[in-house]
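**Student:** how does the following fold in three dimensions:
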Amino acid sequence: MSRRLCRAMLAALLLALTCRAWAAETVDESEVKAAVIYNLLLFVHWPPQAAPSAGFRFCVFENSALTTALRRHERKPVQGQALEIRRIGTTPEELDSCSAVMVEAGSSRSVLARLGALARSRALLVIAEGAGAVDRGAMIGLHTDGGRVIFDINHGAMKKSGLAPSSKILKLARTLIE
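**Tutor:** Numbering: from 1, shown residues only. Sure, this is the predicted structure:
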């Protein structure tokens, strides 16, 4: 084998390894989930009386990789307002300013149940991570399956809260609960 051919093969191998490492770095699950969440927010309609007037507040309970990824979408428009990511506790006063709330996979079952009950009294979109989240009180449940981020929708819970999901996201949901 000639030196020239060896160099070309080595260069191709290094390029392939570099591209593979680059691809692994760029496909971060948190980034994908954050993009999915942002786009879901664009296709849910809040009732006029619940429309935010000074920014669309998306609340999270903890700082995590997903929260960091969501912050990359701050100030983008949602419902005609700038998206604001806010870390909160679980007091009702803090939740009053939220248009949507995210419950991460490690949160307790009781937190999701309380949010589900609160959402029945006002327009609050409850999104949670983990398979079966819509069965535990979430309106939208995000999880991964085979390396893909997928979501389920509890359409009945959204309607009870006064929220109207677009038919586009209803078609994309893996599971739709009426």
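**Student:** in this protein, which helix or strand is least confident?
**Tutor:** In the chain, no helix or strand scores lower on mean pLDDT, DSSP states H and E than helix 3-26, which sits at a mean of 40.
**Student:** contacts for the very next helix or strand once past it, please.
**Tutor:** Next in sequence after helix 3-26, counting helices and strands by DSSP states H and E, comes helix 29-42. By C-beta atoms under 8 Å, 6 or more residues apart in numbering, the residues outside helix 29-42 that reach it are 56, 58, 64-66, 68-70, 72-73, 76, 78-79, 83, 100, 102, 125, 127, 129, 140, 142, 144, 149, 151, 169. (Each C-beta comes from the backbone N, C-alpha and C, glycine too.)
**Student:** next SSE after helix 29-42?
**Tutor:** That would be, after helix 29-42 and using DSSP H and E, strand 44-45.
**Student:** could you give the mean pLDDT of that following strand?
**Tutor:** In this model, strand 44-45 has an average pLDDT of 94.
**Student:** could you identify the helix or strand that succeeds it?
**Tutor:** Remark: after strand 44-45, the chain's next helix or strand is strand 56-60, criterion DSSP H and E.
**Student:** partners of that following strand in the sheet?
**Tutor:** If you go by DSSP bridges, strand 56-60 pairs up with strand 81-87 (parallel), strand 100-103 (parallel).
**Student:** so which bits of the first one are buried?
**Tutor:** The neighbour-count check on strand 81-87 (16 or more other C-beta atoms under 10 Å) flags 83-85 as buried.
**Student:** okay, that strand in PDB with CA atoms only?
**Tutor:** What follows is strand 81-87, C-alpha atoms only, in PDB (Å, rounded to 0.1, in the frame of the first residue of the first chain):
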ATOM      1  CA  GLN A  81     -45.600  37.300  24.500                       C
ATOM      2  CA  ALA A  82     -42.000  36.700  25.200                       C
ATOM      3  CA  LEU A  83     -41.300  33.300  26.800                       C
ATOM      4  CA  GLU A  84     -39.900  33.500  30.300                       C
ATOM      5  CA  ILE A  85     -38.500  30.400  32.100                       C
ATOM      6  CA  ARG A  86     -39.000  30.800  35.900                       C
ATOM      7  CA  ARG A  87     -37.900  28.400  38.600                       C
END
